[in-house]
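In: can't give you the sequence, but here's the structure:
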């Protein structure tokens, strides 16, 4: 962390050539993880990193640089070098900095990073035992418990009085992978990765970690006998929770201001227009207490918000950061994020989800005569400019006569985000969130995806199993 007196010098150096906004982002991150493979400890420990990033805005222009040297000389030299990107005379002289009060919505007791290593190892051994007990055909089981404490100090200046913000983020994540092998050498893998902006009590007393450990073993074994998925255009039902990754990738990214402000999004200029079925409302909400993607303030010091993106099918908002908000003529709404001080911040998702509807999930399945049920997703790709995507399902089934039937593998969903939104014809009442990391221009950040059970009336399904009958 740095003193206010030094921050004033650095901000003034940054603003010396006419910049109208300057920012210093100081960060210290301590990480710790424990990895077990087949019940044996393979890796323990984690790095300590620290540094600062400096950004200057002038109109629509933006320049950014960073350093791991927090000395006065290093920071003022970096600020001066960045200021050299602009030509002009000083418009702002910072004379003072006022510490800002930050409302704490994420309260953590017993942070996982402070739990003794021996206790974390014992916890992971229980996970391994629960998975291994499922079947002897499970040949590789990897359990990882990772934790991080991130201490952040932000200085901003748009006038003579600067502002200082501080926050501490405590996150931990349990990742479990099970690999099964058949007699003929076929390999199938199952995975779970629950995470939380929370402490040890959540992972030991709230999270059903033994149940999830058993579940991944069962799913890996089940997929050994799954048939190839059929291909064609079908009705598809997508499960709640991690099923929301499709919305996150195909629709969430195109609603971020860094894409919409440059016209590089299929939803650019669509505020007030229908982009989804009237059954669909969607939010990005960084204020949900202790959720994986939550934060008290964003990485520009702005309080996080519950931002409505879609209301009854109408596009009503974007996720907006300060720089791209200028291009859009919109105020930033707590959506600026970055992986670390090494990255310039930009508009990013936090906890992004389709809101719950009125349908009973069981009725959605019952009312689907023939189709595909996607219970979980693996990898995928999307072009935010066009909304075109393809996503592979890691767990999928055939729906026959209103019932979930045999499992299938090799299922891929192909389409466009805007078309998928319009083709949603059923929305369940079982909203759930799923944890992951999202990679983009400002690095890899923790995010929640989410949705209730939804039905897409028609979407292209790729597979090698022929026609669905």
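Out: Yes, it's here. The model shown is predicted, which means the values in this text are computed figures rather than measured ones.
In: Helices along the stretch 301-450 of the chain, start to end?
Out: Here the stretch 301-450 of the chain has its helices, by DSSP state H, counting those that start in this stretch, at 322-328, 361-366, 417-422.
In: helix or strand for the residue of the chain most remote from its centre, which one?
Out: For the chain, the largest distance from the centre (CA atoms, centre = their mean) belongs to residue 89, which lies 40.5 Å off. Assessed by DSSP states H and E, residue 89 sits outside every helix and strand.
In: Report the contact partners of the residue nearest to it when sequence neighbours are not counted.
Out: Of all residues not flanking residue 89 in the chain, residue 18 sits nearest, at 5.8 Å (CB to CB, 6 or more residues apart in numbering). Any C-beta I mention is one placed from the backbone N, CA and C, and that applies to glycine too. Counting by CB atoms under 8 Å, 6 or more residues apart in numbering, residue 18 touches 58, 86, 87, 88, 89, 90, 91.
In: between the residues you listed, which has the most around it?
Out: Highest neighbour count within the contacts of residue 18, by other CB atoms under 10 Å: residue 58, with 20 neighbours.
In: hang on, the earlier thing: for residue 56, see how far away the residue nearest to residue 89 is.
Out: As judged by CB to CB, to the nearest Å, residue 18 and residue 56 stand 10 Å apart.
In: what residues do those two have in common as contacts?
Out: Joint contacts of residue 18 and residue 56 (CB under 8 Å, 6+ apart) are residue 86.
In: Straight-line length of stretch 336-351, end to end?
Out: For stretch 336-351, the first-to-last residue distance is 13 Å (CA to CA, to the nearest Å).
In: Then stretch 281-301?
Out: Length of stretch 281-301, first residue to last, CA to CA: 28 Å.
In: same thing with stretch 428-442?
Out: 33 Å.
In: model confidence over that stretch, on average?
Out: Confidence for stretch 428-442, expressed as mean pLDDT, is 96.
In: returning to that earlier point: what pLDDT does the residue nearest to residue 89 get?
Out: Reported pLDDT for residue 18: 97.
In: Tell me if I am right that it is in a helix.
Out: No. Looking at residue 18 with DSSP: H, G, I helix; E, B strand; the rest coil, it is coil, so not inside a helix.
In: Domain boundaries for the chain, per the record?
Out: Per automatic domain parsing, the structural domains of the chain span 4-223, 228-462.
In: Which stretch among these is buried most, on average?
Out: domain 228-462 (a mean of 21; mean count of other CB atoms under 10 Å).
In: Compute the first-to-last residue distance for that domain.
Out: End to end - CA to CA - domain 228-462 spans 10 Å.
In: now stretch 248-258
Out: 15 Å.
In: Name the nearest residue to residue 240, ignoring sequence neighbours.
Out: For residue 240, the spatially nearest residue (CB to CB, 6+ apart) is residue 432, at 4.3 Å.
In: Identify the bridge partners of that neighbour.
Out: residue 451 (DSSP bridges).
In: Surely it and residue 238 touch.
Out: No. Between residue 432 and residue 238 there is no contact under CB atoms under 8 Å: 11.9 Å.
In: Which neighbours do these two have in common?
Out: Joint contacts of residue 432 and residue 238 (CB under 8 Å, 6+ apart) are residue 451.
In: and residue 8, what is it in contact with?
Out: Residue 8 makes contacts with 94, 95, 96, 97, 162, as judged by CB under 8 Å, 6+ apart.
In: what helix or strand does the closest residue to residue 385 other than its chain neighbours sit in?
Out: Excluding its sequence neighbours, the residue lying closest to residue 385 (CB to CB, 6+ apart) is residue 264, at 5.1 Å. For residue 264, there is no helix or strand it lies in under DSSP H and E.
In: Residue 264 against residue 386, yeah?
Out: No. Residue 264 sits out of contact with residue 386 when judged by CB under 8 Å, with a separation of 9.9 Å.
In: starting at the chain centroid, how far to stretch 353-365?
Out: 23 Å (CA atoms, centre = their mean, to the nearest Å).
In: and if you look at stretch 96-113?
Out: For stretch 96-113, the distance to the chain centre is 21 Å (CA atoms, centre = their mean).
In: now do the same end-to-end measure for it.
Out: 36 Å.
In: could you give me the average pLDDT of that stretch?
Out: 97.
In: residues making contact with that stretch?
Out: Looking at stretch 96-113 with CB under 8 Å, 6+ apart, the contacting residues turn out to be 4, 7-8, 30-32, 120, 145, 147-149, 155, 160-167, 169-170, 172, 197-201, 203, 287, 289-290, 294-297, 301, 303-304.
In: For residue 277, list the residues it contacts.
Out: Applying CB under 8 Å, 6+ apart, the residues near residue 277 are 313, 421, 422, 423, 424, 425.
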